[in-house]
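>>> what would the 3D arrangement of this be:
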Amino acid sequence: MIAITCALVDVACSSGVSETAPATTTTDATTTTSTTEPLSIEEQVEEASLYAWEVYAGAVSELDESQLHEAYTGRALEIVTNEVKERQRDRRPARVDVDHSFIVTVIDEETAVVVDDYINHQVLVDPGSGEPIEPDPDETIVEAYSLSLLDGQWFVAEIERR
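Numbers count the residues shown, from 1 in each chain. Modelled structure (predicted):
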């Protein structure tokens, strides 16, 4: 899958990101019904990527890998689990803050690649106070993620860090 991800990074960089489907609300005098158009695969994958970042942020902040399986699978789960365990051992929690710029490429109905060209503001924090112990790196990082649809949920399955 890494080979697929690497090969698709160039393809994905030339693709556009689809826009989010608008939500619609219907209201009358007695009831309120809210309907939302189904999300496209691209939107589902983007949401899953953001959720994976939230789960990761919680894990490195709390030094607790127990929830990573909710957003990651396979090799990606191994990578982020090992990172959190190293942080636990070294007592190195972090505050995750990133500005994402996703490009989503759908390979098929169960596989997608996300290229995230993001601005990293992640900093190590003091385990006691939670205050930053280093300056904001304010750096651009490009990562590619392969996502797989498993039992109706998108999971990050591979991570390619540059």
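
>>> how about the helices in the protein?
With helices called from DSSP state H, the chain shows them at 2-13, 41-62, 74-90.

>>> and of the ones you listed, who's closest to Val104?
helix 41-62 (4.5 Å; C-beta to C-beta). C-beta: built from backbone N, CA, C; applies to glycine.

>>> so what pLDDT did Asp114 get?
Careful, residue 114 is Val and not Asp. For Val114, the model assigns a pLDDT of 97.

>>> Glu134 versus the closest residue in space to Ser146 that isn't next to it in sequence, what's the distance?
Spatial nearest neighbour of Ser146, chain neighbours left out: Glu158 (3.9 Å); criterion: C-beta to C-beta, 6 or more residues apart in numbering. Between Glu158 and Glu134 the computed distance is 29 Å (C-beta to C-beta, to the nearest Å).

>>> before we move on, what about Ala57?
For Ala57, the distance to Glu134 - C-beta to C-beta - is 17 Å.

>>> same check, this time on Val60
14 Å.

>>> same deal with Ser40?
39 Å.

>>> can I get the CA coordinates of stretch 77-86 in CSV?
Coordinates of each C-alpha in stretch 77-86 appear next as CSV, following Å, rounded to 0.1, in the frame of the first residue of the first chain:
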residue,chain,number,x,y,z
LEU,A,77,-1.9,2.1,13.8
GLU,A,78,1.5,0.5,14.5
ILE,A,79,3.3,3.8,13.6
VAL,A,80,1.1,6.1,15.8
THR,A,81,1.0,3.5,18.7
ASN,A,82,4.8,3.2,18.7
GLU,A,83,5.1,7.0,18.7
VAL,A,84,2.8,7.4,21.7
LYS,A,85,4.6,4.6,23.6
GLU,A,86,7.9,6.4,23.0
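
>>> got the buried residues for that stretch?
Neighbour-count burial for stretch 77-86 flags Leu77, Ile79, Val80, Thr81, Glu83, Val84 (criterion: 16 or more other C-beta atoms under 10 Å).

>>> count the residues that sit near the nearest residue to Lys85 once chain neighbours are set aside.
Using C-beta to C-beta, 6+ apart and skipping the chain neighbours, the partner closest in space to Lys85 is Glu65 (6.4 Å). Neighbour count for Glu65, taken as other C-beta atoms under 10 Å: 21.

>>> residue contacts, Glu65?
Ala59, Val80, Thr81, Val84, Lys85, Gln88 (C-beta atoms under 8 Å, 6 or more residues apart in numbering).

>>> pLDDT for those - can I get that in CSV?
Output for the contacts of Glu65, formatted as CSV (pLDDT from 0 to 100):
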residue, pLDDT
Ala59, 98
Val80, 97
Thr81, 98
Val84, 98
Lys85, 98
Gln88, 96
